[in-house]
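> Predicted model and sequence follow; I will ask about them next.
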There are 2 protein chains.
Amino acid sequence: MSYNELRKDYLLDRWVVIATQRARRPTDFTKTQKPPQTQNTATCPMCPGNEHMTPPAILIYQEHNEHITKTQDKNGNRTKNWQIRVIPNLYPAFTPPTHKITQTQIKENNSFAYAVGHHEVIIESPNHNEHPANASLPQLTLVINAYIDRLKTLSQKPYVKYVSIFRNHGIEAGASLSHAHSQLIATPFTPKTVQEEIKTSKHYYKQHKTCKFCDIIKQEQKSPRHILENKHYTVFAPYASINPLEFWILPKQHQPTLEDMTKTQITAFAQTLKTTLNALKTLVNDPPYNYGFHLTTDKKEEKYYHWHLEVYPKLAIWAGFEKSTGIYINTITPETTAETLRKTISA
Amino acid sequence: MSYNELRKDYLLDRWVVIATQRARRPTDFTKTQKPPQTQNTATCPMCPGNEHMTPPAILIYQEHNEHITKTQDKNGNRTKNWQIRVIPNLYPAFTPPTHKITQTQIKENNSFAYAVGHHEVIIESPNHNEHPANASLPQLTLVINAYIDRLKTLSQKPYVKYVSIFRNHGIEAGASLSHAHSQLIATPFTPKTVQEEIKTSKHYYKQHKTCKFCDIIKQEQKSPRHILENKHYTVFAPYASINPLEFWILPKQHQPTLEDMTKTQITAFAQTLKTTLNALKTLVNDPPYNYGFHLTTDKKEEKYYHWHLEVYPKLAIWAGFEKSTGIYINTITPETTAETLRKTISA
């Protein structure tokens, strides 16, 4: 039968129409790209020299004789000569409690809660344009280290139940400043998307005594959606990708959270991230994208939940149909995504 | 406590951060608008004279001596002098079965189905720019009539379980052609968003013996989120709006689907839609938006489900946080949305 395919996500009750009948080529999207965002580094609040344009840094990495030391801004001063700078978001969605607050006080009833938590910006480099696709490997390794450092600190706070680490690239993907940066939001409950994944993988674990994600890896390594493989990571276009050129990166070793990563794994992850994002950039002329980590820091969930990174290139618009039904339409098949990204990587 | 508010939707397990601490004014968004989309009507496939650039029409409304007659294109001809033209989408996401197909054949397993259904375009007027905000009332009444006509026909097909009627306005909201048009997609299962609403309202009905939506109407009529009231409809900014300037239109009489609307109700709905969309256009300089109807055509659900229209202005970008967590951030409170739309309507 020659119809488009409706595919369901591995874990979520989320359907997507994969337009096999009118599949487009990734390069169809290239021409729609706008000229790159430019910003005067003199006025960029994230550039070196402009530290006073931001709140004091919570965490700073500095290099001394090839060693990284960690510090933070104190007494209204702003530390110079940094490699990584983590600052509170000037317009936070979530804010730390001003005094001791209980979970009951945060969530007053079933439909209201206070947005207690943290909202931080990770400035990835003193160089305005050192985005992951073109970052030096040591620098990108520092970025991942900073993610882990903040995750460790924030996940221990009694009012924090989840830490979302994400990156918006390009103005069309919501990056209002073009200096290379990521963000982090700590929330007082586990967000719905991750909660649903946890629920499904728990159920799967009870039935099969294996991790759903470990099994997905084995399955996708043999599929036409497989993109890249190295000692520590596997990359594939998910079966029910909701975005053109979407790909996921998963650790091959079962790991619930980034906090468990070894030094070697961190470097290997930085390399994997750089290689895949560089292929995306090459293939469709530096498209806007969002990426987000999915993880759990809850010990009860460590057997069945498996951290991973989902990269969502922004090459299409979710419109009235998607927004009123929850069904997505993707005009590039994940099989084509994988094939073209594989070729770009090996070119 | 001075935090942003986390609010949950009336029916969905969907949370939004309402940025009360850094609330923006609707007019903050005005300057971000781009110049209006222009298209040469000579090359517009939806303009009169270009009917051969589209597939044959499934339904045509023609005016004869102040009466509307219904017809369709036959034998490769294209009917001229139409008021409304409904055509199959040239690039359909869902397509009709080529031969008899059972529900079991459509859904092969839990994660795969054939995208069997319909995907149609409703050309709302022979006038390129007759968008609802500025349409003549008789013309907009014809548009609603066309929605109902197609809904009646398609919901009776054995392989159709749901009909989504939606409109994308402006290129940033996914309207690739600027001629005034809506779309309709008939799907082989009830989409997740509506399914969740049905489940919650069913549960509510069992507990309270009343319709959840009827109770929401009573509650919001007295709230600062109330926007407009007439004999047949109520309009408000929902408590947990996920978009700046979002509003919903609900029939005050309990009605599960558009098919039950009387002639008077159809005209009153066209007037309500025009008034509110015109206020939105006036307030923020014709912003892009999506709207979608939520309804049920299943008799079993008619007691507790209540059709409504959700209008989503596109004034912000859903980025990495929204996409990886399912939590939204809205920088205009629904209370401000309602206040400014009320003032614009009465100005």
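Sure thing, it's come through.

> Now do the helices in the stretch 1-150 of chain A.
Under the criterion DSSP state H, counting those that start in this stretch, helices of the stretch 1-150 of chain A are mapped to A:103-106, A:137-155.

> tell me which residues in the helix or strand that the last one is followed by are buried?
I take that to be helix A:137-155. Next helix or strand after helix A:137-155 toward the C-terminus (DSSP states H and E): strand A:162-169. Residues of strand A:162-169 classed as buried: A:162-169 (neighbour count, 16 or more other CB atoms under 10 Å in any protein chain shown). From N, CA and C alone the C-beta is placed, and that goes for glycine too.

> quick one: which of these is nearest to chain B?
residue A:166 (3.1 Å; CB to the nearest CB).

> Quick one, grab the pLDDT at that closest one.
We have a pLDDT of 98 for residue A:166.

> Near chain B, which residues of the stretch 201-347 of chain A are found?
A:239-240, A:290-294, A:310, A:312, A:317-321, A:323-327, A:329 (CB under 8 Å from any CB of the partner chain).

> Okay, and which of the residues you listed map to helices?
A:320-321, A:323-325 (DSSP state H).

> Mind putting those residues into TSV with neighbour count and pLDDT?
Formatted as TSV, these follow (neighbours: other CB atoms under 10 Å in any protein chain shown; pLDDT from 0 to 100):
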residue	neighbour count	pLDDT
A:320	27	97
A:321	26	97
A:323	22	97
A:324	23	97
A:325	22	98
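
> Name the nearest of the residues you listed relative to residue B:75.
Checking those against residue B:75 with CB to CB, the nearest one is residue A:321 at 31.8 Å.

> That closest one against residue A:327, yeah?
Yes. Applying CB atoms under 8 Å as the test, residue A:321 and residue A:327 come out as touching, 6.9 Å apart.

> right, is stretch A:51-69 up against chain B?
No. Residues of stretch A:51-69 contacting chain B under CB under 8 Å from any CB: none, with a closest distance of 14.3 Å.

> which residue packs closest to residue A:82, ignoring adjacent ones?
residue A:60 (4.8 Å; CB to CB, 6 or more residues apart in numbering or on different chains).

> Map the structural domains onto the sequence of chain A.
A:5-34+A:209-289+A:301-346, A:51-187 (automatic domain parsing).

> burial of residue A:80, as a residue count?
11 (other CB atoms under 10 Å in any protein chain shown).

> give me every residue that touches it.
Residue A:80 sits next to A:48-49, A:51 when contact means CB atoms under 8 Å, 6 or more residues apart in numbering or on different chains.

> From residue B:113, how far out is it?
Here the criterion is CB to CB, to the nearest Å. By it, residue A:80 lies 58 Å from residue B:113.

> ok, back up a step: any idea which of the domains of chain A is most buried?
Ranked by mean neighbour count, these are led by domain A:5-34+A:209-289+A:301-346 with a mean of 20 (mean count of other CB atoms under 10 Å in any protein chain shown).

> Tell me where the model's unsure across chain A.
Counting by pLDDT under 70, chain A shows low-confidence ranges at A:1, A:22-23, A:31-39.

> middle-most residue in it, spatially?
residue A:292 (2.2 Å; CA atoms, centre = their mean).

> For it, which residues count as its bridge partners?
Beta bridges link residue A:292 to residue A:166, residue A:310 when assigned by DSSP bridges.

> quick one, what contacts it?
Taking CB under 8 Å, 6+ apart as the test, what residue A:292 contacts is A:164-167, A:309-310, A:312, B:320-321, B:323-325.

> quick check, nearest of the contacts of residue A:80 to chain B?
For the contacts of residue A:80, the nearest to chain B is residue A:51 (22.6 Å; CB to the nearest CB).

> pretty sure the closest one contacts residue A:78?
Yes. Using CB under 8 Å, residue A:51 is in contact with residue A:78, at 3.6 Å.

> shared neighbours, those two?
With CB under 8 Å, 6+ apart as the test, residue A:51 and residue A:78 both reach residue A:57.

> Skipping adjacent residues, who's closest to residue A:246 in space?
Among residues not flanking residue A:246 along the chain, residue A:312 sits closest, at 5.7 Å (CB to CB, 6+ apart).

> quick one, strands of the stretch 151-300 of chain A?
Using DSSP state E, counting those that start in this stretch, the strands of the stretch 151-300 of chain A run over A:162-169, A:181-187, A:226-229, A:233-236, A:247-251, A:289-294.

> what would the ones you listed look like in JSON lines with distance to residue B:11?
Formatted as JSON lines, these follow (distance: least, CB to CB, whole Å):
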{"stretch": "strand A:162-169", "distance to residue B:11": "23"}
{"stretch": "strand A:181-187", "distance to residue B:11": "22"}
{"stretch": "strand A:226-229", "distance to residue B:11": "39"}
{"stretch": "strand A:233-236", "distance to residue B:11": "35"}
{"stretch": "strand A:247-251", "distance to residue B:11": "31"}
{"stretch": "strand A:289-294", "distance to residue B:11": "26"}
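
> For residue B:140, which of these is the nearest?
Here strand A:289-294 is closest among the strands of the stretch 151-300 of chain A (CB to CB), at 37.0 Å.

> Restrict that closest one to CA atoms and write it as PDB.
What follows is strand A:289-294, C-alpha atoms only, in PDB (Å, rounded to 0.1, in the frame of the first residue of the first chain):
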ATOM      1  CA  TYR A 289      18.500  23.800  16.100                       C
ATOM      2  CA  ASN A 290      17.600  23.000  19.700                       C
ATOM      3  CA  TYR A 291      19.100  20.200  21.700                       C
ATOM      4  CA  GLY A 292      18.200  18.900  25.100                       C
ATOM      5  CA  PHE A 293      19.500  16.200  27.500                       C
ATOM      6  CA  HIS A 294      17.100  13.700  29.000                       C
END
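
> Taking strand A:181-187 as reference, get the angle to it.
40 degrees (axes from the mean of the first three to the mean of the last three CA atoms, to 10 degrees).

> distance between strand A:289-294 and the chain's centre?
Centre-to-centre, strand A:289-294 and its host chain are 2 Å apart (CA atoms, centre = their mean, to the nearest Å).

> cool, stretch A:300-309 as well?
Centroid displacement of stretch A:300-309 relative to its chain, using CA atoms, centre = their mean, is 16 Å.

> Ramachandran coordinates for the closest residue to residue A:250 other than its chain neighbours?
Ranked by CB to CB, 6+ apart and with sequence neighbours excluded, the top spatial neighbour of residue A:250 is residue A:308, at 4.4 Å. Main-chain torsions, residue A:308, degrees, to the nearest 10: phi -160, psi 160.

> measure residue A:308 to chain B for me?
As defined by CB to the nearest CB, to the nearest Å, residue A:308 lies at a distance of 11 Å from chain B.

> ok so, going back, partners of the residue nearest to residue A:82 in the sheet?
residue A:71, residue A:85.

> For it, give me its contacts.
A:70-73, A:79, A:82, A:84-86.

> doesn't residue A:46 make contact with residue A:54?
Yes. With contact defined as CB under 8 Å, residue A:54 reaches residue A:46; the gap is 7.3 Å.

> Spell out which residues are contacts of both of the two.
Contacts common to residue A:54 and residue A:46, judged by CB under 8 Å, 6+ apart, are residue A:85.

> picking that back up, need the helices of the stretch 1-150 of chain A in CSV with distance to chain B, can you?
Output for the helices of the stretch 1-150 of chain A, formatted as CSV (distance: least, CB to the nearest CB, whole Å):
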stretch, distance to chain B
helix A:103-106, 8
helix A:137-155, 13
